[in-house]
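# Below: sequence and its predicted model.
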Amino acid sequence: MHLSSGPAKPPSARRDPPGLVPGDQRRAGPSLVCLDGVSVGYQRRPVLHQMDFRLDAGEAVAVLGPNGAGKSTLVRGILGLAEILSGSVELFGIPRAKFRAWHRLGYVPQSHSVASGIPSTVREVVASGRLTRKSVVRPFSASDRRAVQAAIDTVGLSHRIRHPVATLSGGQQRRVLIARALAGDPDLLVLDEPTAGVDAESRKVLADTLAGLVRGGTAILFVTHELNEMAPVITRTVVVEQGRIRYDGSPLPEQGHRSTSLGTADCEHLDPHGVRPESFSSGLRLSTNVGSTKTKPR
């Protein structure tokens, strides 16, 4: 199995549905993400308890669970945006405190809009994703410009490259956020509610985009309110309930995005404790209002 949560549990606690055998094959080499006995929280108050988790190359993992279970907190703990109260976190085989290769990890935060008072274009917003691969003083190179263009092409927005992001639909703006993360050429893409608040057509485009990334070798970890169009993309499901992982294995059949054991709707979108994740230190450059800083390729 990929993980266990806390002390050994009787088989009934695994919540494996009948006829479904969780995958237990691990890939060679260090995991992209490895949590060992980790408790995560805010202001010294734990939300997740004694959690073990690993994510390997080539996986597309969906994190599901009821409201307030700690799904987004799991992602924030991995990224350094929530407090690690106990245990250890490794990224690409390196303790997170010593990890510096943040360009290997792309993050798409939960945000329904990337527009702001400054009329940044699609290209300018996506170009900000190259900052993890360059110093602030170094001008954009030809390789930077190629990477930005490739990221925009990947999400199908080449025809809107010079348009202000404020003129785009919600689904298109979400694709801009994904392109910004892809501009750094990451090995792992982490997304928090990538399909929330977008129409069915945009969800299909997002699903197709992520499926193409997985085929190309990019690992994906995403929190989602409901699978719908994303179901064919995932290779593994993780269900979080009451601060612990209750299921980790083969993709679960669509069940109306309900908890596997509690029967409650999965509608966690915001941290229930009201703490801003940006208050925690991390090498990951994070801005949910990316239009507020203009970055022009030269």
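Cool, got the structure.
# quick one: low-confidence ranges for the stretch 151-298 of the chain?
Along the stretch 151-298 of the chain, segments meeting pLDDT under 70 span 254-298.
# same thing but at 80, please
196-198, 225-226, 253-298 (pLDDT under 80).
# So which residues of the stretch 1-150 of the chain form strands?
Ranges of strands in the stretch 1-150 of the chain, per DSSP state E, counting those that start in this stretch, are 33-42, 45-55, 60-64, 83-91, 94-95, 105-108.
# all helices for the chain, in order.
71-79, 122-127, 142-154, 170-182, 200-215 (DSSP state H).
# The longest one: which residues count as buried?
Right, the one you point to is helix 200-215. By neighbour count with 16 or more other CB atoms under 10 Å, helix 200-215 contains the buried residues 202-207, 209-211, 213-214. Heads up, the C-betas are built off the backbone N, CA and C, glycines and all.
# go on, stretch 160-179?
160-161, 164-166, 168, 170-179.
# Name the residues linked to the residue nearest to Phe53 when sequence neighbours are not counted by a beta bridge.
Once flanking residues are discounted, Phe53 sits nearest to Leu35: 4.2 Å by CB to CB, 6 or more residues apart in numbering. For Leu35, the beta-bridge partners are Phe53, Val89 (DSSP bridges).
# could you measure Leu35 against Ile84, distance?
9 Å (CB to CB, to the nearest Å).
# Quick check: neighbours shared by those two?
Both Leu35 and Ile84 are contacted by Gly77, under the criterion CB atoms under 8 Å, 6 or more residues apart in numbering.
# Pull the number of nearby residues for Ala101.
Counted with other CB atoms under 10 Å, the neighbours of Ala101 add up to 14.
# For the closest residue in space to it that isn't next to it in sequence, list the residues it contacts.
Nearest non-adjacent residue to Ala101, counting by CB to CB, 6+ apart: Phe92, 6.9 Å away. Listed by CB under 8 Å, 6+ apart, the contact set of Phe92 reads 30, 32, 99, 101, 104, 187.
# ok, of the buried residues of helix 200-215, which one's closest to Arg54?
Nearest to Arg54 among these: Val214, at 17.6 Å, using CB to CB.
# hang on, that closest one packs against Ile220?
Yes. Val214 lies in contact with Ile220 (CB atoms under 8 Å); the separation is 6.1 Å.
# Throw the helices of the chain into CSV and include distance to Arg44, thanks.
Shown next, in CSV, are the helices of the chain (distance: least, CB to CB, whole Å):
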stretch, distance to Arg44
helix 71-79, 14
helix 122-127, 36
helix 142-154, 38
helix 170-182, 30
helix 200-215, 36
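# Specify the stretch among those helices that is closest to Gly41.
That would be helix 71-79 among the helices of the chain, by CB to CB, at 7.4 Å.
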